[in-house]
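In: A structural model of the following input is requested.
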Amino acid sequence: MNKNKHIDDEILIAYLIDEITDKKQISEVEEWLKSSEKNQQQFDDLKKTWFGVQKLTPKPVAVDINAAWLKFEQRIDNEHITHRFLFNKKIINILRIAAILIIFVGLFFIFKEKNTNSTIILATTDSLLTDTLIDGSIITLNEKSTISFKKDFGQNQRTIKLEGEAFFEVDHDTEKPFIIDAGGGYIQVVGTKFNVNTNDSVYIDVFVEEGIVKIFSIDPDSSDTLFVLLTAGQKGRINTVNGETIKLNNNTQNPNDLFWKTNILTFNSCFIKDVANTLEDVYGVNFIIDDKAKSLLLTATFENAQIDEILEIIKLTLNLEISKIDKTYYLNVIED
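Out: Numbers count the residues shown, from 1 in each chain. As a prediction, this is how the structure comes out:
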């Protein structure tokens with residue numbers, strides 16, 4: 001086998017977790033591993049990363065005080081039968097009060113402990129915010145977004161909560177995976193670059209620019225973990241209603257989706273109607289395009305440009321007539 005042949009990370013992961021059933025494909029992977037030290041090192045690095053992302057967040061355990069009390073009373077009844085102890089109602093009530101006091105004292109110490117590990121909140125309104133966390137990870141928050149996390153990030157993992165949209169450049173640490181609680185779903189990484197958008201009321205969208213990302217949800221009924229693994233260049237989605245995690249068929253990221261961060265718009269042989277749709281989303285304007293103009297193609301890149309500057313270039317490039325009423329632009333082909 002050619003040692004330079006490329007084997008996708010997904011195939012290597014499937015081989016790692018014994019999910020490949022095709023003997024020919026298994027043989028190809030094994031030959032590829034033997035063909036060079038570089039290939040083996042790539043596989044070893046992937047293996048470390050994969051097992052790093054398996055360290056899931058321990059789920060909180062709900063405490064049912066009434067059920068616990070019933071068990072306590074049942075235990076007393078059993079001891080009464082065995083040892084013939086007689087408990088009158090007065091003593092039972094005293095014990096019940098004592099148990100409740102113990103619970104509240106315990107909760108006091110829990111809250112006190114939480115207060116000593118203060119929560120840090122980063123929030124934006126009408127501007128972006130870029131900050132470096134204590135582990136070296138860099139987070140860029142979009143407008144009207146919030147992240148919160150404990151000051152020390154926790155003992156076994158780095159955990160944050162996100163509301164809105166953010167781009168993450170996570171510092172690599174196989175011992176402490178980075179976990180994002182996105183509200184209805186989770187994103188887990190060891191070290192990578194990726195974008196998370198929770199602004200939709202139903203979907204959490206994730207795009208991976210570099211590295212490996214695990215998106216998952218937890219079924220509240222069965223406690224099963226539903227997950228999808230994403231590699232560089234892939235997009236995934238979590239449905240916050242039913243917990244479904246999917247890898248989107250269109251895995252190629254639209255570079256304009258990150259306009260909020262880069263302030264760059266790129267169009268490569270795009271129909272003018274598609275260009276207009278993007279400009280509507282980005283600048284909050286409307287377009288009415290005549291039929292003759294809709295099929296025109298535009299190739300251009302705009303950086304830090306205002307909408308009127310962009311339209312002036314489109315006008316000159318495609319020989320269009322552009323007029324404006326309020327926030328609506330009208331595009332028409334200039335007749336010879």
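In: What strands flank the strand or helix carrying residue 122, and is each parallel or antiparallel?
Out: Using DSSP states H and E, residue 122 sits in strand 119-123. When pairing is defined by DSSP bridges, strand 119-123 lines up against strand 146-150 (antiparallel).
In: Show residues contacting the strand it pairs with.
Out: The contact list for strand 146-150 (CB atoms under 8 Å, 6 or more residues apart in numbering) reads 117-124, 133, 139, 141, 158-164, 166. C-beta coordinates here come from the backbone N, C-alpha and C atoms, glycine included.
In: about what we covered before: who's in contact with the strand holding residue 122?
Out: Contact with strand 119-123 is made by 129, 131, 139, 141, 145-151, as judged by CB under 8 Å, 6+ apart.
In: Please list only the buried members of those residues.
Out: Neighbour counting by 16 or more other CB atoms under 10 Å classes 129, 139, 141, 145, 147, 149 among the contacts of strand 119-123 as buried.
In: of all those, which comes closest to residue 329?
Out: residue 145 (29.0 Å; CB to CB).
In: still on that earlier bit, after the strand holding residue 122, which helix or strand is next?
Out: Per DSSP H and E, the first helix or strand lying C-terminal to strand 119-123 is strand 129-132.
In: neighbouring strands for whichever helix or strand comes after that following strand, and are they parallel or not?
Out: Next along the chain after strand 129-132, taking DSSP H and E as the criterion, comes strand 138-141. Strand pairing for strand 138-141, using DSSP bridges, gives strand 129-132 (antiparallel), strand 165-169 (antiparallel).
In: which outside residues touch strand 138-141?
Out: Counting by CB under 8 Å, 6+ apart, residues outside strand 138-141 touching it are 122-124, 128-133, 147, 164-169, 261.
In: do stretch 238-258 as well
Out: 167, 182-185, 195, 202-204, 206-207, 209, 215-219, 226-228, 230, 233-237, 262, 264-266, 278, 282.
In: Please repeat the previous calculation with a cut-off of 6 Å.
Out: 184-185, 202, 204, 207, 215, 217, 219, 226-228, 234-237, 265-266, 278 (CB atoms under 6 Å, 6 or more residues apart in numbering).
In: average pLDDT for it?
Out: Averaging pLDDT along stretch 238-258 gives 80.
In: list the buried ones in that stretch?
Out: Buried residues in stretch 238-258, counted by 16+ other CB under 10 Å: 238-240, 243, 245, 247-248, 253, 256-258.
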